[in-house]
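Engineer: The sequence and its predicted three-dimensional model are supplied below.
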Amino acid sequence: MSNYDFKSIERKWQDRWEAEGLYRSKVDWAKPKHYALTMLPYPSGDFHIGHWYAMTPSDARARVMRMKGYNVLFPMGFDAFGLPAENAAVQRNVHPAKWTYENIERMRSQLRSMGAMFDWEREAVSCDPSYYQWTEWFFKKMYEHGIAYRDKAMVNWSETLQTVLANEQVIDGKDERTGQPVVQKLMEQWFFAITKYADELLEFEQLDWPEPIKTMQTNWIGRSEGAEVSFVTEHGDEIDVFTTRPDTLWGATFMVLAPEHPLVDSLTVEEHRQAVDDYRAIAAGRSELERMETEREKTGVFTGGYATNPVNQEQIPVWIADYVLLSYGTGAIMAVPAHDQRDFEFARQFGLEIVPVIHPSGAEAPSADAMEEAYVGPGRMINSGPIDGTETTEAKGRANPSIAATIDWLEQKDLGSEAINYRLRDWLISRQRYWGAPIPMVHRNDGGVEPVADDRLPVILPEDVEFEGRSPLATTPAFFETTDSHGRPARRETDTMDTFMCSSWYWFRYLSPHYGDGPFDPEEAAYWLPVDVYTGGAEHAVMHLLYARFFVKAMRDMGVFARAAELMKEHGREATGLFDEPFLVLRNQGQILGEERRGDRLVVSGRQQGNRVVATTVRVDEAAGPEGGMIVGELMRRTENLLQIKADTGLVTVEVPESASVEIPLVAGTNDVSQLRHHLDVERMSKSKGNTVNPDELVESYGADTVRTYLMFAFDWEKGGPWDSQGILGSYRFIQDVWKLGTARYESTADAETAAQASRALRRSVHRTVRKVDHDMVAFKWNTGIAALMKLRNTMNESLHAGMVSGEAWDEAVQTLLKLLAPIAPHVTEELWQGLGHAGSIHLESWPQWDPGLLVEETVTMVVQVNGKVRDRVDIPPDISEDDAIEAALAAERIQSWTEGKTVRKVIARPPKLVNIVVA
RNA sequence: GCGGGCGUAGCCGAAUUGGCAUAGGCGCCAGACUUAGGAUCUGGUGGAGCGAAAGCUCUGUGUGGGUUCGAGUCCCACCGCCCGCACCA
């Protein structure tokens, strides 16, 4: 038996698979297809353990599907446009393209070391002109169909990134990538009309997606039902408001506009102008972030203007306040202080009138003065003219009788209409950056815009440009000087597209990355589409995953799939519904967190100075007990030369001056403060915390097969959890054991009868394992699947040592174990498979099937309970009748003492598992 | 504040959907081999108690209650943690 040499085995098979094209995927209508997709990485330069965690289980599942007889497509590529490349250009004076392609090259080899079955001939790189020409093509198509449009709007501007961002990319007023604040700016930008698809995007019926993702998308789209009503100002201008509670219109005692609302100017009377202007200036200067922080106290100013409440002709004052957002609804509200908590607070703050219009069920009629908060519960309408007495419930929209009655009344009187409002805004896709796909548009001298002619596509990014932190496109005449369709001088659009645009269609490019007549080859599309299973991180819930769904729906409506659908039908495949959604099944992996680490135990001498101790000596001693005059405890945190030590008396801050001596026995040479290890909690991995795990090093120490196995074994995949550097040893031992089992020379020493019985037991284990692993691998439950394989390993170890089973049973066990493990640990199983004398690859073998007949046992153990507690166990045949089971239970030896002298009240039998005897 | 999820051993985690709680792994303990062990192999390992031992009894899934012959699983209340949304009109 040779030793398990993972290095040479893994290199050998990776080379051979590639040379033989083992993972090439070709259209074959005779076989069922399976398109497995995992989110494409950004080429940052290095894969971290999270990439392995996302990709290798997806690879394992794709491999299972292949062994199950599917023709599997499992491609890979790079989401290669983006800001880090430009930052590298500024900081290291290297062109973004060069930086990106060098990273890609390094990451390709890291991907190879995973041993994944990526079909490299289908690789797509989004920053390559052969790719982004189609990103441009999509933009132009969207423009022609009225989905892409240019508009002036308040947008999120990031000073740090020097670009605008989409709403989805701003979280709590901060850029989601860097956490830097954004400000609101009025700018003319390109948008995609994703809101046209809002209702369709709320449909998830045909999707097998995680509930939280569907919920997040639903919340993000934010559909609410209500009515739109116009209030008329003294100048005759209409202020449109959207409300979900039109039934409370009679209680609307004032209006509030967003400070940026266009009618503020004309509404404001002279004596209030200064206050209004001041307030607007403050609001404009606030970042979105600050605006949210000022949560509690309501602020605002009166414009001096009035508008007419259309239902009762009351003149009501119009205020401005920053709790009303221009970006939601119409940017103006009717305020109903009696029944809306925000309006209530505002009214109390500024002494505005409150008129209750709901009489709460089971309570006294409300008095405006006595109210302590807005009433939002059920009741009957009062003070509300035509709808007085109508019941109001907590239901939303027309399901609420009072709302339905009001909408009908409003529409009949032509005062308003039923309306649906969405929180979702159109997708802002312009970016004032260089490293992205150019927007293929031209600004004419006459102020109009037109798309670049087809024969002049793609617009290529100029290479010879300088990087200083802003996009060079706007300052490079060779790029922006162009002509329009009539040959007149014109200026090229210098903004590029959001990189989410590139990733909104990449899985189509994988189908035919070299195809020149369209974004994808319809022949390939007809066979492979749609994606059957998609895996990746949940952080893309309302960005990539929402954009991707929108993109496919827009593509469908623009006829991009027409030819593919035709071809599908020619091959007898029903195309209906297959081009409505990109990813039928979606699963999110969890996150691997950093490992908990104990800090060094320190013994410190020094003197107290103010609220800290200045150290003279610092010594690491894991065994140190309390010592007089010394500070002894675990190092919890270190910032430069300041240490936080958890001593018996509490946290102590210790300053370590240059002059102090630092002694770390385990670290040779002169020691200094930076070598001390501080405590780490379980938290997200990050370089700054020093708790990252480098997959390359793990592969170096244990081999890719072990790393893959461990990643799939140690966590519930959809949950993730803290890394455990000891735990990987268990997987390493498992792979080594498999190596030993696979290379063992087995000889049976038993007589025929013993062998038959032992073999039956082993085969039962084998076939049970097949059933378990088969189920778990398809269901993304790798941890329990591998646990089953480890259990089989244990059983086989026993069989090997006992030598009782027949040679045939042993061979079946070994081969089955290898096949079941092949998707998880592809190299070692391939090597062992070859060692067993097989000429072909184990990865071309078919997936094992279990024989139900072998699963049944001759006897099973039945639990006998008395009053619900297990008191004995009896061996019985699995097909025992209920009566026989009860008889066996009552006859069981140890049951007698528990039933003696008592009355059996009831017997519950669940043969062959359990009998419960109830006595009193 | 609203919505969703979770809580099982020293740790990561199982539990066929209401039927033997703790599979598998890590760690730990004991033993074997060894110059050595952070290698390998064998066995043990929720807690408490009884027993020379085989074993037996009690107890145990965040806390308290409920339904049930039977609850980690279902229901109610509470505590804690995580995630999403958050002045959304």
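Structural biologist: Received the coordinates, thanks.
Engineer: so who does A:Arg733 touch?
Structural biologist: Applying CB atoms under 8 Å, 6 or more residues apart in numbering to A:Arg733 gives no contacts. Placement of C-beta: from N, CA and C, glycine included.
Engineer: Between its first and last residues, how far does stretch A:248-262 reach?
Structural biologist: End-to-end distance for stretch A:248-262: 26 Å, by CA to CA, to the nearest Å.
Engineer: And RNA strand B, is it touching that?
Structural biologist: Yes: applying CB under 7 Å from any atom of the strand, one finds stretch A:248-262 in contact with RNA strand B at A:Ala258.
Engineer: Counting neighbours, which bits of that stretch end up buried?
Structural biologist: Residues of stretch A:248-262 classed as buried by neighbour count (16 or more other CB atoms under 10 Å): A:248-261.
Engineer: For whatever residue of the stretch 451-600 of chain A ends up closest to RNA strand B, which residues are in contact?
Structural biologist: Using CB to the nearest atom of the strand, A:Val542 is the residue of the stretch 451-600 of chain A that sits closest to RNA strand B, at 6.3 Å. Counting by CB under 8 Å, 6+ apart, A:Val542 touches A:168, A:216-217, A:220.
Engineer: want to throw the residues you listed into CSV with secondary structure, neighbour count and pLDDT?
Structural biologist: Formatted as CSV, the contacts of A:Val542 follow (DSSP: H, G, I helix; E, B strand; the rest coil; neighbours: other CB atoms under 10 Å; pLDDT from 0 to 100):
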residue, secondary structure, neighbour count, pLDDT
A:Glu168, helix, 22, 84
A:Met216, helix, 16, 89
A:Gln217, helix, 19, 92
A:Trp220, helix, 17, 91
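Engineer: Show the low-confidence segments of the stretch 1-150 of chain A, by residue range.
Structural biologist: A:1 (pLDDT under 70).
Engineer: Next, count neighbours for A:Gly237.
Structural biologist: Gly isn't right for residue A:237; it's Asp. Using other CB atoms under 10 Å, A:Asp237 is surrounded by 15 other residues.
Engineer: what residues are up against the closest residue to the residue of the stretch 451-600 of chain A closest to RNA strand B other than its chain neighbours?
Structural biologist: Counting by CB to CB, 6 or more residues apart in numbering, A:Trp220 is the residue found nearest to A:Val542 once chain neighbours are left out, at 4.3 Å. A:Trp220 sits next to A:168, A:423-424, A:541-542, A:546 when contact means CB under 8 Å, 6+ apart.
Engineer: buried stuff in the one helix or strand A:Ala564 maps to?
Structural biologist: Per DSSP states H and E, A:Ala564 falls inside helix A:562-570. With burial defined by 16+ other CB under 10 Å, the residues of helix A:562-570 counted as buried are A:564-565, A:567-568.
Engineer: pull the CA atoms of that helix into PDB?
Structural biologist: As requested, the backbone C-alpha atoms of helix A:562-570 are provided in PDB (Å, rounded to 0.1, in the frame of the first residue of the first chain):
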ATOM      1  CA  ALA A 562     -37.600  34.300 -30.000                       C
ATOM      2  CA  ARG A 563     -35.300  32.200 -32.100                       C
ATOM      3  CA  ALA A 564     -34.300  30.100 -29.100                       C
ATOM      4  CA  ALA A 565     -37.900  29.400 -28.300                       C
ATOM      5  CA  GLU A 566     -38.600  28.300 -31.900                       C
ATOM      6  CA  LEU A 567     -35.700  25.900 -31.800                       C
ATOM      7  CA  MET A 568     -36.900  24.600 -28.500                       C
ATOM      8  CA  LYS A 569     -40.200  23.700 -30.000                       C
ATOM      9  CA  GLU A 570     -38.600  22.100 -33.000                       C
END
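Engineer: Any idea how far that helix is from the middle of the chain?
Structural biologist: Centre-to-centre, helix A:562-570 and its host chain are 33 Å apart (CA atoms, centre = their mean, to the nearest Å).
Engineer: which other helices and strands contact that helix?
Structural biologist: Secondary-structure packing of helix A:562-570 (3 or more CB pairs under 8 Å, 6 or more residues apart in numbering; DSSP states H and E): helix A:522-528.
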